[in-house]
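Peer 1: Predicted model follows, preceded by the sequence.
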Amino acid sequence: MRPWNQSDFSPEKVRRVALVVAVVASIVAAINACRAVHNEFTGAAIYHRQTGYRHWTSEPVMRESSPDKFRSATNSIWAMTGAAAALAVIGVVYFRKLDDCVDAPF
């Protein structure tokens, strides 16, 4: 049994973690993309702004009434989609690169 402060960084373990990260990041990217597309089609979004330390206010905005806030809200969702998709690609690349180091597929 390993001591509590040592981690298992074997290729099999890292490969599993990379696959889990890729799957979860793909799901998050898909959900965020659906939210952004929904905002674009309906013309309504939720604009969040920080009003103090750990205090955020949310307000529904429409494309016609406040286009700057609408675009900011929708662009932030698109940015989160891109970040999650990039993380998914990194996870898949690590998963595939470590394929040479292991004998079994999982």
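Peer 2: Thanks, I have the structure now. Residues are numbered from 1 along each chain as shown.
Peer 1: Report the buried residues of the helix-or-strand element of the chain with minimal mean pLDDT.
Peer 2: In the chain, no helix or strand scores lower on mean pLDDT, DSSP states H and E than strand 44-52, which sits at a mean of 89. With burial defined by 16 or more other CB atoms under 10 Å, the residues of strand 44-52 counted as buried are 45, 47. C-beta coordinates here come from the backbone N, C-alpha and C atoms, glycine included.
Peer 1: In its sheet, which strands sit next to that strand, and in what direction?
Peer 2: Counting by DSSP bridges, the strands paired with strand 44-52 are strand 55-62 (antiparallel).
Peer 1: who touches the partner strand?
Peer 2: Residues from elsewhere that reach strand 55-62 (CB atoms under 8 Å, 6 or more residues apart in numbering): 43-51, 69-70, 73.
Peer 1: Just the helices from the chain, written as ranges.
Peer 2: 11-42, 67-97 (DSSP state H).
Peer 1: do you know how far the residue nearest the centre of the chain is from residue 21?
Peer 2: Residue closest to the mean C-alpha point of the chain, counted by CA atoms, centre = their mean, is residue 84 at 3.0 Å. According to CB to CB, to the nearest Å, residue 84 stands 10 Å off from residue 21.
Peer 1: what do you get for residue 93?
Peer 2: According to CB to CB, residue 93 stands 11 Å off from residue 21.
Peer 1: higher neighbour count, the two?
Peer 2: Neighbour count, other CB atoms under 10 Å: between residue 93 and residue 21, residue 21 has more, with 17 against 12.
Peer 1: Report the buried residues of stretch 50-67.
Peer 2: 61, 63.
Peer 1: ok now that stretch, how far from the chain's centre?
Peer 2: Averaged C-alpha coordinates place stretch 50-67 at 22 Å from its chain's average position (CA atoms, centre = their mean, to the nearest Å).
Peer 1: now the end-to-end length of that stretch.
Peer 2: Start and end residues of stretch 50-67 are separated by 19 Å (CA to CA, to the nearest Å).
Peer 1: what do you get for stretch 36-48?
Peer 2: With CA to CA, one end of stretch 36-48 sits 15 Å from the other.
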